[in-house]
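Visitor: Sequence and computational prediction follow.
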Amino acid sequence: MLGIIGGSGLTKLPGLSITHRQVIRTPFGEPSGPLTFGDLDGHPVVFMARHGHGHTIPPHLVNYRANLWALREQKVSHIVSVATVGGIHPDLKPGDLCVPDQIIDYTHGRETSFTEYNGKPVTHLDFTWPYCEAMRQRCMEALRGVNEPFMSGGVYGAVQGPRLETKAEIDRLARDGVDMVGMTGMPEAYLARELGLCYAAIAASVNWAAGRGDSATGISSAIIEACLADVVERLRGVLINLARMNYAAPEPESGL
Ligand code: HPA
């Protein structure tokens, strides 16, 4: 089944007819909130608001392990994360969409693995391509299906937050090859890999990153808000297209 993780601006899923909500407990603590079960255009999906329903959990305090564990417990096999980002690449102006294919992780102090010291031999999972390619292809097909232009591939830089970056930090990320900057992409993508979940992201630029474009002298929260509302509206059809696809067969992704 398809799981949708909604980031900033997507605490509720427009068009979702809800059947029930369920609080899930996990060995890793509480998820961000109850899972919402329902269907989009008649197709079952599970929705998780990453920052909680009232958008009260900041990116560095999200319990990523509990969220992914809960989704898998409920038979979710594929996940699309809707992620808002600041645009660094010239093609990622506010309002532009991207299906990234690479990640650089700048976060720290987060729980990055389900493996804890348990006396078992250490395993090192392959993460050369951090997103599930089969799910990336589905995301791109869903975007094409509603004629939404998007950038295919790009490097997502995951930063700690909750503050926005300095201009010098964004210049450094640009030198590193980062195309977009967000606060939640890691460890989420890696934890999904550990659980063998087929995970990809649709990144929506909601502002130029600090020091770029109209964020040259600062980032306007009014621009972010306006952009978010527009993006959420445009993504509704994309998520419906994704929900229509068949998730019965597992993808050959490796997990632990
Ligand atoms: N920086 C980090 N995360 C973000 C940004 C940004 O500019 N915009 C949306 N999420």
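Guide: Sure thing, it's come through. Numbers count the residues shown, from 1 in each chain.

Visitor: Helices of the stretch 101-250 of the chain, residue ranges please.
Guide: Here the stretch 101-250 of the chain has its helices, by DSSP state H, counting those that start in this stretch, at 133-145, 167-176, 185-194, 221-244.

Visitor: ok, and the closest non-adjacent residue to Leu228?
Guide: Closest residue to Leu228 apart from its sequence neighbours, by C-beta to C-beta, 6 or more residues apart in numbering: Gly9 at 3.6 Å. For glycine as for every other residue, the C-beta is placed from the backbone atoms N, C-alpha and C.

Visitor: One more: Pro27?
Guide: Nearest to Pro27 is Trp69, by C-beta to C-beta, 6+ apart, at 7.2 Å.

Visitor: Does the one you found touch Leu195 like I think?
Guide: Yes: using C-beta atoms under 8 Å, Trp69 makes contact with Leu195 at a distance of 7.2 Å.

Visitor: shared neighbours of these two, which are they?
Guide: Common neighbours of Trp69 and Leu195, counting by C-beta atoms under 8 Å, 6 or more residues apart in numbering, are Phe114.

Visitor: And for the residue nearest to Leu228, the neighbour number?
Guide: Number of residues near Gly9 (other C-beta atoms under 10 Å) recorded here: 21.

Visitor: can you tell me how far Gly196 sits from Arg50?
Guide: With distances taken as C-beta to C-beta, to the nearest Å, Gly196 is found 20 Å from Arg50.

Visitor: I should have written Asp39 there, sorry.
Guide: Asp39 is 21 Å from Arg50, by C-beta to C-beta.

Visitor: And for the residue nearest to Arg110 when sequence neighbours are not counted, the neighbour number?
Guide: Closest residue to Arg110 apart from its sequence neighbours, by C-beta to C-beta, 6+ apart: Pro187 at 5.5 Å. If you count neighbours by other C-beta under 10 Å, Pro187 ends up with 21.

Visitor: Fine by me, thanks again.
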